[in-house]
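S.K.: Predicted model, plus sequence, below.
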There are 2 protein chains.
Amino acid sequence: MRLPRLFFHLVKKQQGTFFRAMSGSSSSSIIPKTVNPDIQRERDNASFNVEDFAIWWHGGQDKLKLKRYVEKSVYADMKEESMFKTLNLSHEDLYTEAVKDSIRLAKKLQKLQAELNPGGTDIWPGLFSGTNMWGAQPAGNPFTVHLSVTIEAICNLGTDEQFEKFGKPAENFDIAIAYAQTELGHGTFLRGLETRADFDRETDEFILNTPTITAYKFWPGGLGHSSTHCIAMANLFIDNEPKGVATFFVPLRDMETFMPLPGIDIGDIGKKFGFYGVNNGYLGMKNVRIPRTNMLMRHAQVNRDGTFEQSPAAGLSYFSMLSGRCWIASNHAAMLAVATTIATRYSAVRRQSPINPKEPEVQIMDHVTQQMKLFPEIATCIANKLATQKLGQIYQQTAAEIKRGIFTGLPEIHALSCAMKVLSTSDSASGVERLRLACGGHGYLASSNMSNLYTTTTAGCTYEGENTVLLLQVGRFLMKSGQQALAGKPLAPTVSYLQTAVVENWSGSLENIVQVLQSATANKTRLALENIAARMLAGQTQGEAANNAGIELTQAAELYGRCFIAKTFLEEMTGPSSKNRSPALNKVLRNLLELYLVNTALKNMNEILRVIQISDADLRALQRRLEDSLAAIRKDAVAICDGFDFHDRNLLSTLGAYDGNVYERIFEEAKNSPLNQQPVPKVFHTHLKSFMKSKL
Amino acid sequence: MRLPRLFFHLVKKQQGTFFRAMSGSSSSSIIPKTVNPDIQRERDNASFNVEDFAIWWHGGQDKLKLKRYVEKSVYADMKEESMFKTLNLSHEDLYTEAVKDSIRLAKKLQKLQAELNPGGTDIWPGLFSGTNMWGAQPAGNPFTVHLSVTIEAICNLGTDEQFEKFGKPAENFDIAIAYAQTELGHGTFLRGLETRADFDRETDEFILNTPTITAYKFWPGGLGHSSTHCIAMANLFIDNEPKGVATFFVPLRDMETFMPLPGIDIGDIGKKFGFYGVNNGYLGMKNVRIPRTNMLMRHAQVNRDGTFEQSPAAGLSYFSMLSGRCWIASNHAAMLAVATTIATRYSAVRRQSPINPKEPEVQIMDHVTQQMKLFPEIATCIANKLATQKLGQIYQQTAAEIKRGIFTGLPEIHALSCAMKVLSTSDSASGVERLRLACGGHGYLASSNMSNLYTTTTAGCTYEGENTVLLLQVGRFLMKSGQQALAGKPLAPTVSYLQTAVVENWSGSLENIVQVLQSATANKTRLALENIAARMLAGQTQGEAANNAGIELTQAAELYGRCFIAKTFLEEMTGPSSKNRSPALNKVLRNLLELYLVNTALKNMNEILRVIQISDADLRALQRRLEDSLAAIRKDAVAICDGFDFHDRNLLSTLGAYDGNVYERIFEEAKNSPLNQQPVPKVFHTHLKSFMKSKL
């Protein structure tokens, strides 16, 4: 028995009835102040300094210090148990809590900004949607889109004067803006939007309309009851002539009464899988009039006389959307790190089934099948974080080139940001779910936070570009690149292997594994190209042929992204940055790289064996390397997760707190269930009793 | 524009403010009475008679007729919109609704039983937990375990007199019983249970105790506030000597007041990912005394004088648990069918992106990548249903053999039921989620029912035997069978290929694919055996070696189950039962079999290529067959799902109703959100307004 006999302790202490004795309020918490010895031993036995990892992961000592200070300040007065309670609320009450929490957080961050860096924006609003602040808004934040996407959109799509007029009040939170693009019947295909804006030359206004039910704006975060204005995408018409999609700044609610303005039909879209308090909304417009100058006109313009000036640089307005994808990719890597921390700590505390009969039950992390659920996800979140950092660098380079008038990097950064958005969201969603299942039944408890993490990560697979649609775009880039390769033309750096990658032999070195993956990608690209070509020869249009080859195209696209991740991880370990880390930390990361590459190779062996012969002995050796790498990571797993340095309030999990007091936390949280506040539920008297008494 | 301009219609009709005009009550439903033309055309173009499919799927005309009659009777007075409302409730209110709904359903089924087959049990309680009744209990059913698992357990573990005394009142619902096995700290490893029952010779009673917090019973369905009694598993002690785990019938609550009895600490475990109203509970016992005769004594006995008689047939009490696994496997196949119906119908209605530029947007089911998300799941739910039917037959055969004293079939039915439980739950969970994602953003709406389906199916991966633990048990069976094969001993039918399977050539026929899968399974089994042997040679114990080879063991176990499914599907199509179906129906099923086998081969190609050489041309041909089979199924997809014959109330989905009026249903359901019942939320006045007015 590892746990104190708390049961009797409490019964004695409270001297009430048995039931009352156990329904302790938070003042009589049963959670020990000590650290669970099983998890403490993990920390004592780690092979490296956790602080070294934390500094590396967070990009330096100063950043780590600031992060911790902000977290400490924000979470200081937030009690864990009151945060858990959010989970039990009705849809309506969840929304109310979300608004209250978000505003409370906003005030705290504003205060910190004034204290630490007055006039800056690094803390407020910079951190408002940051991964480390999630714990402060357990019900969600209806203003995230307002402060991230929308203000940037006004900056990129509006003129400087428009940003001054619309964007600045938004930055100050004098107004709150939703980003209304998606419609009930239209998402992926932007040209298909039905919302229309007609220019009225007489009054110098646009008239906005929602002609059908499928034209209703649907899904924008915060649109329901949390926005005073929105940015609305609509098809622009001048004299009934279509001019393409444009963007408009539309007032929605009266600033004093908050009542919807005339012609505005607005509301919440209802309960969802997650994002409970985010207040995604719908919007219909009936003859809503806005001044001509409310169209965002950095790129395209409508003049006073109704003449229309096409955007001279359509690609540019589109380029500004890419940063959103980079942000999503990076965020999802962080969410996967949260889940690995929870599941790994739980796996150090939970004991179940002996390995040798008649010996004691072991920590479940000692079961190799459990290691296989945990450690690849640790490796994946590190790999994806490194790759999204690299993606960010390429994005910045491309942005700098564009300023110098060089646009050649656009197709690659577009494809790469799509691929990384897809892989990071899908890796995180599937990884979080694997980790949730790795927590067994207790992972199903809302108080584990694993379910909330899952509903949050999986949403990323469909928002901001549905993943399959994005993969098909990457596929098109690969097709073009493949054709360029065949024609001997120069290729973008991340696809250079389409021309050069021919690996003759399997050596099994890490470099060799990356090359083999590149060969498999090149082969899949070739197969898709030939599939399309054959279908076109048989009379299909290019669109039809590409559609019919869609499976191979998306597979090639995924492999392309995987190669980028694998190569980036390898370079991080072999490149100059390895000199900035201690040898002990490098060894740990090297183990994770080994696991990542070996596991990636095994998972893609069906593609690899089409481009290279590998003997049965080599395949067995590879399997053995997989098993050995799990064994190598075993002793460091808890410490690695400690190095992610998540605040307990941010984890918000009965299974994942730093002290490892898992069972007491689960139990205390169960006791707090609203159903347990009286011993007999009302429905017994109103329904159950009479039914049981009735003779059948 | 396919949809009527409902917006204006409503605005005109109601003549109120814009907001009110759109927040129509159910009396002014905007859902057309007509069928969406896109989905109607699918039905018109199907190549087979849907009713033929429905009769086959439901096991004959009479069964289908009864099913429809029961559904019609149960769902007659249940309005869709009031069912959706459940989703918005708080944890407490969800539970209350669950109890009310369950009792209402129980009464209806009792009435139908009296009407159709008085004295029988086929309708009540037989259908109470049936998949076709889920729609009647959208918040869950806290009495499912009571009426399925528990009564059967009393029947199997108790004497005939005990069943009369404890089981009969349960069947009549005079009492409600929970099945209390799992503890907060103990699940998989039964011997590790901490709850103890000490025999008191003086009073002829057992004294039950929960010695630690980890010993608390935790998770039993309905235990929280819905049970008067429970079946509790505990370690039996006589004179402080352990006698192993036994089962006890324990009163929990006063039958009149429903108050917990003295020494009983009981309650709800709190909010979960799903199973909202199922009222999973915890239970602590402090010196709870029950008569000796409350121990279930069919197999083991404690006599009046305290002598203990070991069960003479431990395997038998365990055999009775297998039927639960068969039931779970079968249920999950049905849940996957629900999800395929919803996603397929939605994919016929939703239009997005043209295939040829400048042409209209197509039904998303015309995108091949979308077909690849839908059709393999249709094939999988059919394959898994057929395999679970076959599993049920083998179970019945084994039960009959046992009655004749033949126990040789036990290891195989144990392994097979484990494998099928694992594959059916994991196939359904991953399939439902793929289908949910295939519905894009709208699949994230609670009103799609896809999220609820996911949380229900994924729970099956951890309850009633965690999937990895079960796979390791299958792995052990394969190890033993593999050793028997090496020793030339006879093998159980489902593993006979461990001895015989050597496929020389790839022909690509369906029979050949099944054989190749069997070869891959045999090879994986051999690899795992050799892995273990090598580790034992190096000094590891058998337990350690098996643990270290756990990855290969579980892979072999999955392949074993997959072979069983593939072979069963193939036999259904080539065996005598094909003569009972129309040629048109057989052709449709043959297309699905082709898809299932080709896709299974491609997904397992990494294993297959280790046992057989396949040329690049053959692999391309296989890919082409995959694409061709999708094209072949395209025209019949909606009709196949119609053939599953789900009642709309059972689908409970804005995306999946028979009439295909998707957008109107989504929109109407959004309008019903409790947040939309007033135009301005209270939190604007209490928090948001003052924050926006404050100067930063």
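M.R.: That came through fine. Numbering: from 1, shown residues only, chains lettered A, B, ... in the order given.
S.K.: So A:Arg196 versus chain B, what's the distance?
M.R.: 12 Å (CB to the nearest CB, to the nearest Å). Glycine gets a C-beta too; all of them are placed from N, C-alpha and C.
S.K.: Kindly provide the distance from that residue to B:Glu401.
M.R.: According to CB to CB, to the nearest Å, A:Arg196 and B:Glu401 sit 73 Å apart.
S.K.: Comparing those two, which residue is more hemmed in?
M.R.: A:Arg196 (19 against 15; other CB atoms under 10 Å in any protein chain shown).
S.K.: correct me, but that one touches A:Leu208?
M.R.: Yes. At 7.3 Å, A:Arg196 and A:Leu208 qualify as touching, with contact defined as CB atoms under 8 Å.
S.K.: Please enumerate the shared neighbours of the two.
M.R.: Residues touching both A:Arg196 and A:Leu208 by CB atoms under 8 Å, 6 or more residues apart in numbering or on different chains: A:Ala234.
S.K.: can you give me the strands in the stretch 101-250 of chain A?
M.R.: With DSSP state E, counting those that start in this stretch, the ranges of strands along the stretch 101-250 of chain A come out as A:177-180, A:196-200, A:205-209, A:217-218, A:229-238, A:241-251.
S.K.: A:Ala379 in helix, strand or coil?
M.R.: helix (DSSP: H, G, I helix; E, B strand; the rest coil).
S.K.: Tell me the confidence at it?
M.R.: pLDDT recorded at A:Ala379 is 98.
S.K.: quick one: low-confidence parts of chain A?
M.R.: A:1-27, A:312-317, A:320, A:501, A:695-696 (pLDDT under 70).
S.K.: what residue lies at the spatial centre of it?
M.R.: Centroid-nearest residue in chain A, with CA atoms, centre = their mean: A:His332, separated by 3.1 Å.
S.K.: any idea how far that one is from A:Glu466?
M.R.: 15 Å.
S.K.: follow-up on the earlier one: what about the residue nearest to the centre of chain A, which helix or strand?
M.R.: helix A:314-349 (DSSP states H and E).
S.K.: Repeat that for A:Arg590.
M.R.: Using DSSP H and E, A:Arg590 falls in helix A:583-603.
S.K.: which helices and strands does the helix or strand that comes right after that helix pack with?
M.R.: The C-terminal neighbour of helix A:583-603 among helices and strands, as given by DSSP H and E, is helix A:605-608. Here helix A:605-608 touches helix A:510-537, helix B:605-608, going by 3 or more CB pairs under 8 Å, 6 or more residues apart in numbering or on different chains; DSSP states H and E.
S.K.: what does the last one rub up against?
M.R.: The reference is to helix B:605-608. By CB under 8 Å, 6+ apart, helix B:605-608 touches A:602-606, A:609, B:516-517, B:519-520, B:523-524, B:555, B:559, B:601, B:614, B:619.
S.K.: Now the buried members of those.
M.R.: Buried subset of the contacts of helix B:605-608 (neighbour count, 16 or more other CB atoms under 10 Å in any protein chain shown): A:602, A:604-606, A:609, B:516-517, B:519-520, B:523-524, B:555, B:559, B:601, B:614, B:619.
S.K.: which among those gets closest to A:Asn384?
M.R.: Nearest to A:Asn384 among these: A:Asn604, at 16.6 Å, using CB to CB.
S.K.: about what we covered before: show me what the helix holding A:His332 is packed up against.
M.R.: helix A:37-44, helix A:151-157, helix A:368-403, helix A:410-438, helix A:450-459, helix A:637-644, helix A:648-651, helix A:662-671.
S.K.: what angle separates the longest one from helix A:410-438?
M.R.: Angular relation of helix A:368-403 and helix A:410-438 on a 0 to 180 degree scale: 160 degrees, by axes from the mean of the first three to the mean of the last three CA atoms, to 10 degrees.
S.K.: Compare the helices and strands packed on helix A:605-608 and report which one is nearest to B:Pro118.
M.R.: Among the helices and strands packed on helix A:605-608, the nearest to B:Pro118 by CB to CB is helix B:605-608 (54.9 Å).
S.K.: And chain A, what are its domain boundaries?
M.R.: Following the TED database, chain A resolves into domains at A:175-311, A:320-644.
S.K.: Contacts made by stretch A:514-521 with the rest, please.
M.R.: Against stretch A:514-521 from outside (CB under 8 Å, 6+ apart): A:497-498, A:501-503, A:506, A:556, A:559-560, A:562-563, A:566-567, A:570, A:597, A:600-601, A:604, A:607-608, A:610-612.
S.K.: Swap in 6 Å and give it another go.
M.R.: A:497, A:501, A:503, A:559-560, A:563, A:566-567, A:570, A:607-608, A:611-612 (CB atoms under 6 Å, 6 or more residues apart in numbering or on different chains).
S.K.: Going through these, which ones are buried?
M.R.: A:497, A:501, A:503, A:559-560, A:563, A:566-567, A:570, A:607-608, A:611-612.
S.K.: Adding distance to B:Ala178, write those out as CSV.
M.R.: Converted to CSV, these look like this (distance: CB to CB, whole Å):
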residue, distance to B:Ala178
A:Tyr497, 60
A:Ala501, 61
A:Val503, 60
A:Leu559, 50
A:Tyr560, 53
A:Cys563, 53
A:Ala566, 50
A:Lys567, 55
A:Leu570, 54
A:Glu607, 50
A:Ile608, 51
A:Val611, 57
A:Ile612, 57
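S.K.: neighbours around A:Ala399, how many?
M.R.: Counted with other CB under 10 Å, A:Ala399 comes out at 15.
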